[in-house]
Structures are given as structure tokens and as C-alpha cells.
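Asker: Any chance you could fold what I've pasted below:
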Amino acid sequence: GLWVSPDVFNKFKAGDGSFNKDITNEPRALLCLYNAAYLSIHGESELDEAISFARHHLESTSGNLEYPLSEQVKRNLEIPYARTLKRIDAPYYIAEYGQEQTCNPSVLELAKLNFNLLQCVHQRELKDFCRWGNDLYEEVELSYSRNRIVECYFWSYTVHYEQQYGHARIILAKVFVLTSMLDDTFDMHATLEEAEKLTEAIQRWDESAVFLLPEYLKKFYVRLMNTFIEIEHELKPDHKYRVAYCRKAIQTLCRSYQQESEWFHNSYIPSFENHLKCSLISSAIAMLSVVLLVGMGDEATREAFEWAIGCTDAVMAGSVVARLANDMTSFKNGKNKKDVASSVDSYINQYHVTGDVAFAVLDNMVEDAWKTTNQARFDRRAMLPLVERVARMTKSMVFTYHHKKDRYTFSRLNKDRVKQQFVDPIPL
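Answerer: The predicted model follows:
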């Protein structure tokens, strides 16, 4: 959380201000320059230059590098180190450390044991969570909804993998599942009238509002209410206020779903600006940024909940990354007949440009959002551990939509990674 002037990179520059070509002979240093530059904030154009310079030379030399540096360069050219999920990449770095000349066998063994022991915790937890999730799907009987129990746990795990955050991890995973069902209801099944009634019931947030709903949604609504009652009962007395923030965040999310439902049923394409006002909320990152705090300890203060519910800086930036990554992925792979117009559609419709032009603009917006996330680490230094949790969720979006592929909807694309994290221990 400490800002360092980009002037420190002047050591890599020649007299004319361009980057010194000598560094290209040191690929490890070049990789460090490349990764460090991705921690830039707004206005640090020198670091943008550093990224372009380092990327160009890393790409040109990558075929001549030896393992393990070759693999590290390959991975970081795909996703820069500053945007990776450290727990997800741990198996790679453990294997590569074993091939380093400076490898300490004791440290290597401890790293393997640490990963495997924590994996055992996650395995037991995931088994119980799958039982909860299967019971949920059987009870609510929403046959149109995607069954993504393991994927929802995996998503929560990317935010809270540490053993001491088991409670926070399970709360977040449960809300992921319920939100997925809610999203599928609005997107894939509900009529406009049914969507309006569901929105009204959630605004009331009382089991007595179940009479508003069509028969097929009543069990889901009751289970939604009961889940949050259970979560509240599990919290310490001085932490119970947190559920009210969750309720408010879900009510706001539901109103955004309702707005998108109206756009879809009226075949309406909003302006790009109006689209983002709604769809950044419907990305669910703002709501989940509140929920991820609920099961944490005393570090999650009222101030932290006010920050999260306010959807500013890192929370808003995460919403931008998630929404635009989702929309560009959907646009590239073709819309389904029940998909609402995406932000890409709105931009193309408003500015009369090609899809490639729209993608370039949105990609720049994503890069700006990352700079906002980096800035929040300095501006919110007192809440840095919580900002980092939100940043992890943002990083999970990079992984989920990498190469414009949806690893949540098409969960088979994530099968190997799930197996690596939850099934296969690292050989000792």
C-alpha cells in the first residue's frame, strides 16, 4: 500500500528517455519490469511505456528461454503477475522453484505440505458444501438454472482461500449460488410480469411476500429468506448488522436485473452510459463485495461496509472489469435469443462503429479500472486487507473470462483447474 514514484524506472532509461536496450539481455529483470509496471495508477504514462517495451522484447525472446523462466514469461504474458491469483498459481511456482539453482529443499517441502494440508481442508469443506447445494437445487426445483455448485465454491475460494476464513468463504459461496439462480430466473425464464413480482418481493424482504410470486418461485424465495436468517444466526451479536447491508445490496442488484428485463422485453438498446449505470450493478460485483466481508473478523468494520455498499473506487473498478469482460465474451461467442443487449451492443449502436473499435474502447476502460484498483490500495490504506479481497474478486474475473471464454457458463473449461486445486495433491 506504499506509493513509489515511477522515477525509479529511470535507471532502465537512456539519455534520450527511451528504455535502455541493455536490459533486454536480462530476461528475468525484463520480466520484473513488465510485472511491476502493471501496478501503475492513473497518470503514470512511463509505466505504460514500460509495459509496451518489456512485452515486445519478452515476446521476441520467449522461445529462447530455459525452464522455469520460460514458463513464467509465458504465463505472465497471458496474465500479468499483478493480476494473478496466487493460490491458483501456487502449484506452478512450487514446481518451478524446485528447478531453481537457489532452491532450498526444506522450503520446497514445506511449501508442498502447506498446499496439500490446506487442500485437505478445502476438500472436506467442498464435500459439505456440495451436499448443501444439492439439497438446495432439489428443494427449489428451478430446472432452468445452471447447477454450478463447485464453480461457486471455487469462485469464493479465489477470494478467501485461507483456512481462517472458512466462514466467510462458505457465506460467499452460498450467496454465489443463490445469485446465480436469481440471475438465471431473470435472464432465462421469468416473464416481465413475473420479474416485476420477484423484484417487489425482494424489496419487501419478508416471507409473507411469497404470495406475490408465481408458484415455481415460491420455494426459492422462502429458501433465500431462510438462508440469510441462518447466516445472521451464525454471526456474533455485534456482527449481525452486516446482514442488513447484504439485504440492501441484493435489493439493489435485483432492481438492476429488473431494468435489464424491461430492456429485453421491449427490444430496447439503451445508450452506452445508461447501460453501464445499470449493468455495472448487475455484474453483481458490488453486491458480492459486501457479502465477502460478512464472515470476516473484526477487521470488517462498519466503515468497510459503508465503503463496499457505496460502490466506489476498487468496487466500481471490479464491476467495470467484470461487466465488460462478460459482455465482450458474450459478443464474441454470439448472443442467445434471451440475452439483453450488452454494453458492446450499446456502444456500437450509439457511436456507429465496428465491434473491433468497441472492443478497443472497452479494453482501455478495463485497463483504467485496474489503475483505479491500484490507486485504492493507497487511498484506502487503513482498509488494505479488505481492498485486497475485492481485488481478488476482480482478478477472478480475468481468469473466468480469459481469452474471451466463459469458464462459468461453460464449466468444463475450468475442469482441469478445479481438479488441480481440490483433487490432486502436489507430489512430495
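Asker: residues contacting Leu292?
Answerer: Applying Cβ atoms under 8 Å, 6 or more residues apart in numbering, we find Leu292 in contact with 156, 159-160, 168, 172, 389-390, 393. From N, CA and C alone the C-beta is placed, and that goes for glycine too.
Asker: And it, how close does it get to Lys277?
Answerer: Noted for Leu292: a distance of 23 Å to Lys277, by Cβ to Cβ, to the nearest Å.
Asker: Let's have the contacts of Leu292 in JSON lines, adding neighbour count, distance to Ser40 and pLDDT.
Answerer: Supplementary listing: these in JSON lines, determined by neighbours: other Cβ atoms under 10 Å; distance: Cβ to Cβ, whole Å; pLDDT from 0 to 100:
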{"residue": "Ser156", "neighbour count": "27", "distance to Ser40": "29", "pLDDT": "97"}
{"residue": "Val159", "neighbour count": "26", "distance to Ser40": "24", "pLDDT": "97"}
{"residue": "His160", "neighbour count": "24", "distance to Ser40": "27", "pLDDT": "97"}
{"residue": "Ala168", "neighbour count": "22", "distance to Ser40": "30", "pLDDT": "97"}
{"residue": "Leu172", "neighbour count": "26", "distance to Ser40": "29", "pLDDT": "98"}
{"residue": "Arg389", "neighbour count": "23", "distance to Ser40": "22", "pLDDT": "96"}
{"residue": "Val390", "neighbour count": "27", "distance to Ser40": "19", "pLDDT": "97"}
{"residue": "Met393", "neighbour count": "25", "distance to Ser40": "21", "pLDDT": "96"}
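Asker: Show me the domain layout of the protein.
Answerer: Listed domain ranges for the chain are 6-83, 118-422 (source: automatic domain parsing).
Asker: quick one: which of these is nearest Pro91?
Answerer: Distance to Pro91, taken as Cβ to Cβ, is lowest for domain 118-422 among the domains of the chain, at 6.0 Å.
Asker: how long is that closest one end to end?
Answerer: Separation of the first and last residues of domain 118-422 by Cα to Cα, to the nearest Å is 10 Å.
Asker: Over to stretch 202-215?
Answerer: Distance between the boundary residues of stretch 202-215 (Cα to Cα) amounts to 16 Å.
Asker: Then stretch 232-247?
Answerer: Between the opening and closing residues of stretch 232-247 lies a distance of 11 Å (Cα to Cα).
Asker: And stretch 394-410, by the same measure?
Answerer: 19 Å.
Asker: can you pull the contacts of Met103?
Answerer: Met isn't right for residue 103; it's Cys. Taking Cβ under 8 Å, 6+ apart as the criterion, Cys103 is in contact with Tyr97.
Asker: what does Gln119 give?
Answerer: With contact taken as Cβ under 8 Å, 6+ apart, Gln119 is in contact with 421-422, 425.
Asker: 7 Å instead?
Answerer: Gln119 makes contact with 422, 425, according to Cβ atoms under 7 Å, 6 or more residues apart in numbering.
Asker: Count the residues that sit near the residue lying closest to Glu262 once chain neighbours are set aside.
Answerer: Setting aside the residues directly before and after it, Glu262 is nearest to Leu192 in space (Cβ to Cβ, 6 or more residues apart in numbering), at 6.7 Å. Burial of Leu192, expressed as a neighbour count using other Cβ atoms under 10 Å, amounts to 13.
Asker: can you list the domains of the chain in TSV and add distance to Pro105?
Answerer: Supplementary listing: these in TSV, determined by distance: least, Cβ to Cβ, whole Å:
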stretch	distance to Pro105
domain 6-83	16
domain 118-422	21
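Asker: Burial-wise, tell me which of the ones you listed comes out on top.
Answerer: Here the criterion is mean neighbour count by mean count of other Cβ atoms under 10 Å, and of the domains of the chain the winner is domain 118-422, at a mean of 18.
Asker: The residue nearest to Glu262 contacts Ser261, doesn't it?
Answerer: Yes: using Cβ atoms under 7 Å, Leu192 is in contact with Ser261, at 6.0 Å.
Asker: Pull the distance from the biggest helix by length in the chain to the chain's centre.
Answerer: Assignment by DSSP state H gives helix 105-140 as the longest helix of the chain. Its chain's C-alpha centre lies 20 Å from the corresponding centre of helix 105-140 when counted by Cα atoms, centre = their mean, to the nearest Å.
Asker: May I have the helix or strand following that helix as PDB, with CA atoms only?
Answerer: Once the chain leaves helix 105-140, the next helix or strand it forms, by DSSP states H and E, is helix 149-159. As requested, C-alpha coordinates have been extracted for helix 149-159 and formatted as PDB (Å, rounded to 0.1, in the frame of the first residue of the first chain):
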ATOM      1  CA  ILE A 149     -22.200 -25.600  -7.000                       C
ATOM      2  CA  VAL A 150     -18.500 -26.500  -7.300                       C
ATOM      3  CA  GLU A 151     -17.900 -23.400  -9.500                       C
ATOM      4  CA  CYS A 152     -19.500 -21.100  -6.900                       C
ATOM      5  CA  TYR A 153     -17.300 -22.600  -4.200                       C
ATOM      6  CA  PHE A 154     -14.200 -22.200  -6.400                       C
ATOM      7  CA  TRP A 155     -15.100 -18.500  -7.100                       C
ATOM      8  CA  SER A 156     -15.400 -17.900  -3.300                       C
ATOM      9  CA  TYR A 157     -12.200 -19.800  -2.800                       C
ATOM     10  CA  THR A 158     -10.300 -17.400  -5.000                       C
ATOM     11  CA  VAL A 159     -11.300 -14.600  -2.600                       C
END
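Asker: what's next to helix 149-159, contact-wise?
Answerer: Taking Cβ under 7 Å, 6+ apart as the criterion, the residues outside helix 149-159 that touch it are 85, 88, 122, 126, 129-130, 133-134, 169, 172-173, 176-177, 180, 292, 389, 392-393, 396, 408, 411, 414, 418.
Asker: got it, and stretch 393-408?
Answerer: Residues outside stretch 393-408 that contact it (Cβ under 7 Å, 6+ apart) are 79, 83-85, 88, 148, 151, 155, 158-159, 285, 288-289, 292, 317-318, 321-322, 325-326, 328-329, 332, 373, 413-414.
Asker: Now do that stretch: distance from first to last residue.
Answerer: Across its full length, stretch 393-408 reaches 14 Å end to end, with Cα to Cα as the criterion.
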